[in-house]
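Peer 1: how would this look folded up:
(chains A and B)
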Amino acid sequence: MIDVFSYVPAIVLLPFFSFLVALGVGKHLPKGGAFGGIAATAGSFLLSLWVLATVAGGEAANRTLYTWADAGGIGPTDIELSFGILIDPLSALMLVIVTLVALLVHVFSLGYMNDEGETGLPRYYAGLGLFSASMLGFVVADNLLMAFMFFELVGLCSYLLIGFHFREPGPPSAAKKAFLVTRFGDYFFLIGVVAVLATFGTAQFAGEGSFPALAEAALNGSGSVAWTPGGVELQTWLTVVGLLVLGGVVGKSAQFPLHTWLPDAMEGPTPVSALIHAATMVAAGVYLVARMYGFYALSPTALAIIAFIGGFTALFAATMGLVKDELKQVLAYSTISQYGYMMLALGAGGYVAAVFHLTTHAFFKALLFLGAGAVIIAMHHNEDMWDMGGLKSKMPVTYYTFLAGSLALAGIFPFAGFWSKDEILYEALVHGLNDPLLLGGYLMGLLAVPVTAFYTFRMVFLTFHGEPRSATARDPEPVRWNVKGPLTVLGVLAVVTGFINMVPVQKVLGVEGIDLLHLWLDNHWGGIDGLSSHHYADIGPYSSGYLVGGEVGTVLVGAAVSLGLALGGLLVAWRLYNVPSPTEHTAKLGGIKDVLYNNYYLDELQVWLAYRTEDVAGGANTFDQGIIDGVVNGVSSVSLFGGSRVRRLQSGVVSQYATLLTLGLVALLLALGVSGGWFL
Amino acid sequence: MVNTLPQVAALLPVFLLAFTGLALLLVDTISPDARSNTSMAVVGALGSLAALAASVWLVVSGTGSADTGGAITLFAEAIKVDTMALFFTAIFASVTALVVVAAHDYFHDHASPAAFYSLVVFAATGMALLAAANSLAVVFVALEMVSLPSYVLVAYLKQDRGSVEAGMKYFLVGALSSAIFLFGISLVYAATGSLLFAGVAEGIGSLAGLAGVAGLGIVMIVGGVAYKTASVPFHFWAPEAYEGAPAPVSAFLSSASKAAGFVVAFRLFTEAFPVGASLTAGIDWVLAFGVLAAVTMTLGNFAAAVQEEVKRMLAYSSIGHAGYVLIGVAALSQSGSANDAVMGAAMAHLLVYGFMNTGAFLFVAMAERWGVGRTFEDYAGLSRRAPVASVAMAVFMFSLAGLPPFAGFFSKYFLFMGAIDNGFLWLAAFGAVNSVISLYYYSRVVKALFIDDPASSSSLDAIDVRPTGLYAAVVFAAVATVLLLPGFGPVIETAEAAASALF
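Peer 2: Have a look, this model is predicted:
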């Protein structure tokens, strides 16, 4: 029997090798090393499918591969640091998503980068390879520290790729912003990792001695943790640790208030945006919460905060998407908003719903970005939607796939996004009826639905419908198979992915066994104990409440409301923008328009905060230069001065040496003799 | 296998060294006029390497260790061979081999180099004997066996005023110190009635009113140790002797001779004057060593920071390192759990120090051989003409400063760690602050070698020869300094095992 899990490291290493190859000899390869990347990600994809099939066959793996530090300790706790793999239904699913999207992005890049005659391609493909490898390493990580390392690598790669066009002014600054803002969150994450290691002595995600299991046992009273900071109650401390780790999540998954880097990150090449938004960087944050959900489920406060941040971000980002003029900007805000939904789901106890939305979103958002990339190719890299129009007839493949993605994003039945978003809202509703904070999150999520539908179709209508509004729109550049192929694959997925988890249908009609994802994540076909959705529901704080008509009634009402709102938003967009020559309607918004254009002035706020931080830093600098450096300089001048005294002592006259030597000995004798009472 | 040999075979390394010294004299006697520099160096190197091999073999085969029946005592217990004795013999033999090889080039034009080799080997014999001494009388005799050749070695360049003057001063301070040491021995004998370490320890336990006499004696013995290890206030000879002496001799004195002083200290202050009994009797020599350690490292580092000549800087840095190693004795305590750890770390530091410090002095010897000058400025840009040696020197400097990943970092780390575990945080803090200061002057050398521009374009032309032996010794010492890093586990284990046998 071949042990597929021993090939799991290869899934991570293949793209890494493509990174090395592209970096080392990419200049001499055809297409700048693209084929290496395609072959590597294809190999990873096939291996991931194999892993998925094996997991479906009832196997799972939680293995330590290499221990690189042991028998050390943080404070009073002994710890062991290792690399390992954790393959369970969640990570197997994520592996397939990441490798598939990475593969398609590589293929698409042939059209977007190579065919457009970009320079520096080996660097580009090296970046893509390392990016994929980092994310895959993060996905299979079996402990928090390893996850953190790959998390940081993901951040580094995003920096390299967003700043790919480093000779232009925008990309380097956007790359820096992405790096710094996410780093701000990761700072808390790092403290969180240390806190986890210090508290539990382990950072393993799964198994008997894993930190979620230890935390659960400690809360039950059937175990204890190694360390808590003096006097803090265990429950409070667990919440604090959870929130520290959440800092990294908020940064990477672009949640309020650390979302500001993401719209700027649109400066990167469009395939990179697709990769960042669909499968790697931004997904990493949400995946991390799902990975250690057994830990978060223990802390109602942390969950409520996650839910509220998520709901707020969903609505907040959607409103900013309303007024954007550039295609990719709209998509950027939609990404922030959609990850807000996932966070809402996680906070509301909807673990499966969050993973479901992560899956469907990965496909339809990759689709939308690649579709936008196709439009950008056609428009000679003009991204302003007001210069487009009428592209529908000239690029039908792009149009219909983009439309499928848009319908999914807007949450229209029966496209993928409908099912997952509906389930999120349903979970938030039934759990929120007993919890006001959660209900607030639900209401914001619900309000974001029509907004999402509106801006999505505003984008579709402006881009593809109506009369062409510029010369390039009248005569767009054609795209080739390497663009259409990935679009088609993703278009199909955007339509059908929703069917893997038809919970509403199951609940209303009572058909068993069509909620595949629920069963999958509930270890129906096998998995690792303690990492199942049932387990999370058992230890979680929530109970369900229903509206009229019990469960079925609530399902129907919830779905009807959200679908109705989505259709409403779509219709408004239809009325306003599906006309031959649409005009801007933003003026009607009055003062709000400026606020939305300027993203609620959050960038300004952050800059202001940065300057205030600079003031504080100035104070610290004064302290550093005055006190710290003063002490250091003092030590050095004292030692130099003392040294020159010593030199003077070393006179070269040997009789003086004898005198000093004898005096020294006598002093020692007297000191010890008097203290020891020898002379009495 | 070792058990089948007569017990006296445990002294094999000492015999080998003594035999080598005699053989050197014999060669010189048979053909006194021949310019026998090379043959002398070969004989000396082979002899010391054989001694090294013998001591390593004896350690590996467990001679004198607790597992194979404990220490071997000979000659009415005057001699005691255990793991620590062999460990230090290995240090002495390695340094001797390095020095002998390097001296071949250094004395290439000296009129009569033969005596040099025999003196070095005889001094090494004294050191090896010192490491195995189990009686105060043997200690004194062995100490003089080390000292007397050393005086001659320092003054070996008879035409050089500096060398002769340094030898003279060394001799005078040494005579005074020996007198103090001997006086101390006699006082201890008066109080305890024994010269054997075990007997002295017994006597310390029941002093009955003679604590003052014993205390005076012990402090004077501390003085003798301080002289041999170049610790304050007995350090005055060191800067001048190291500077005036031929550089290989400086290397020999500052590494091997210093280690010899420490082996005496380690043995005396665990076996003859055990911590517990001494403190009970009101003789707080731990405090004395603590004060000496702190003052020595501070003074050594402060003074090294303001030197202009590299060799003199190394001389003071050697005093500073004596201060670090003194922690190994100063951080002992009656009920400390880490007594063996801290003393073992001090031994390991001496081993590492043996390589890195010898290497550094030999680099200076090479610079003297080239005639590039003595100050930091004179070393500017040497890496352009002598890259390998310069890299080796950088390794020595960083290792001496205690930077990872070099061996000097680990020995110092274990030393400070042991001190902290034993409750001597203040000593470790002193050591750490001093290490920081030391980085300043060590990196000055590296900066001069690699970054600074030579004073003039012709100043590097002096480097016109490639002294093979010196090069080999320097590179070997550098490799050892680096290789001790992966090999540090066995070293520290052996050292700790040797130390724990003492308690």
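
Peer 1: now the closest residue to chain A within the stretch 201-350 of chain B, what's its secondary structure?
Peer 2: Closest residue of the stretch 201-350 of chain B to chain A, Cβ to the nearest Cβ: residue B:233 (2.8 Å). The C-beta positions use only the backbone N, C-alpha and C, and glycine is treated the same way. Remark: residue B:233 carries the secondary structure label coil [criterion: DSSP: H, G, I helix; E, B strand; the rest coil].

Peer 1: wait, what's in contact with it?
Peer 2: A:660-661, A:663-665, B:226 (Cβ atoms under 8 Å, 6 or more residues apart in numbering or on different chains).

Peer 1: Likewise for residue B:444?
Peer 2: residue B:376.

Peer 1: swap the cut-off to 10 Å and go again
Peer 2: B:304-305, B:307, B:310, B:313, B:376, B:379, B:397, B:452 (Cβ atoms under 10 Å, 6 or more residues apart in numbering or on different chains).

Peer 1: per-residue confidence for the residue of the stretch 201-350 of chain B closest to chain A?
Peer 2: Residue B:233 is assigned 85 on the pLDDT scale.

Peer 1: Likewise for the one 4 residues further on?
Peer 2: The model reports residue B:237 with a pLDDT of 86.

Peer 1: Which strand or helix spans the residue of the stretch 301-450 of chain A found nearest chain B?
Peer 2: Among all residues of the stretch 301-450 of chain A, residue A:302 sits closest to chain B, at 38.3 Å; criterion: Cβ to the nearest Cβ. Using DSSP states H and E, residue A:302 falls within helix A:300-321.

Peer 1: Mind giving me the packing neighbours of that helix?
Peer 2: Packing contacts for helix A:300-321, counted by 3 or more Cβ pairs under 10 Å, 6 or more residues apart in numbering or on different chains; DSSP states H and E, involve helix A:234-252, helix A:261-264, helix A:281-291, helix A:293-296, helix A:327-347, helix A:416-432, helix A:436-464, helix A:591-597.

Peer 1: And the contacts of the fourth one?
Peer 2: In this case it means helix A:293-296. Residues outside helix A:293-296 that contact it (Cβ under 10 Å, 6+ apart): A:90, A:144, A:196, A:200, A:205-206, A:210-216, A:238-239, A:241-243, A:245-246, A:289-290, A:302-303, A:306, A:346-347, A:349, A:351, A:354-355, A:530-533, A:535-536, A:539-540.

Peer 1: which parts of the helix or strand residue A:194 falls within are buried?
Peer 2: Secondary structure from DSSP H and E places residue A:194 in helix A:170-200. Applying a neighbour-count criterion of 16 or more other Cβ atoms under 10 Å in any protein chain shown, one finds A:171-172, A:174-175, A:177-179, A:181-186, A:188-200 buried in helix A:170-200.

Peer 1: If I take that helix and helix A:281-291, what angle do their directions form?
Peer 2: 10 degrees (axes from the mean of the first three to the mean of the last three Cα atoms, to 10 degrees).

Peer 1: tell me what helix A:170-200 is packed against?
Peer 2: Helix A:170-200 sits against strand A:61-74, strand A:77-87, helix A:144-162, helix A:211-220, helix A:234-252, helix A:261-264, helix A:281-291, helix A:602-623, with contacts defined as 3+ Cβ pairs under 10 Å, 6+ apart.

Peer 1: Run the chain-centre distance for that helix.
Peer 2: 11 Å (Cα atoms, centre = their mean, to the nearest Å).

Peer 1: For residue A:634, which residues are in contact?
Peer 2: Not one residue lies near residue A:634 by Cβ under 10 Å, 6+ apart.

Peer 1: Confirm it sits in a helix?
Peer 2: Yes - under three-state DSSP, residue A:634 falls within a helix.

Peer 1: Tell me the spacing between it and residue B:478.
Peer 2: 36 Å (Cβ to Cβ, to the nearest Å).

Peer 1: and if you look at residue B:162?
Peer 2: Separation of residue B:162 from residue B:478 (Cβ to Cβ): 28 Å.

Peer 1: residues near the residue lying closest to residue A:303 once chain neighbours are set aside, how many?
Peer 2: Residue nearest to residue A:303 in three dimensions, not counting chain neighbours: residue A:347, with 4.9 Å by Cβ to Cβ, 6 or more residues apart in numbering or on different chains. Residue A:347 sits with 29 neighbouring residues when counted by other Cβ atoms under 10 Å in any protein chain shown.

Peer 1: That'll do, ta.
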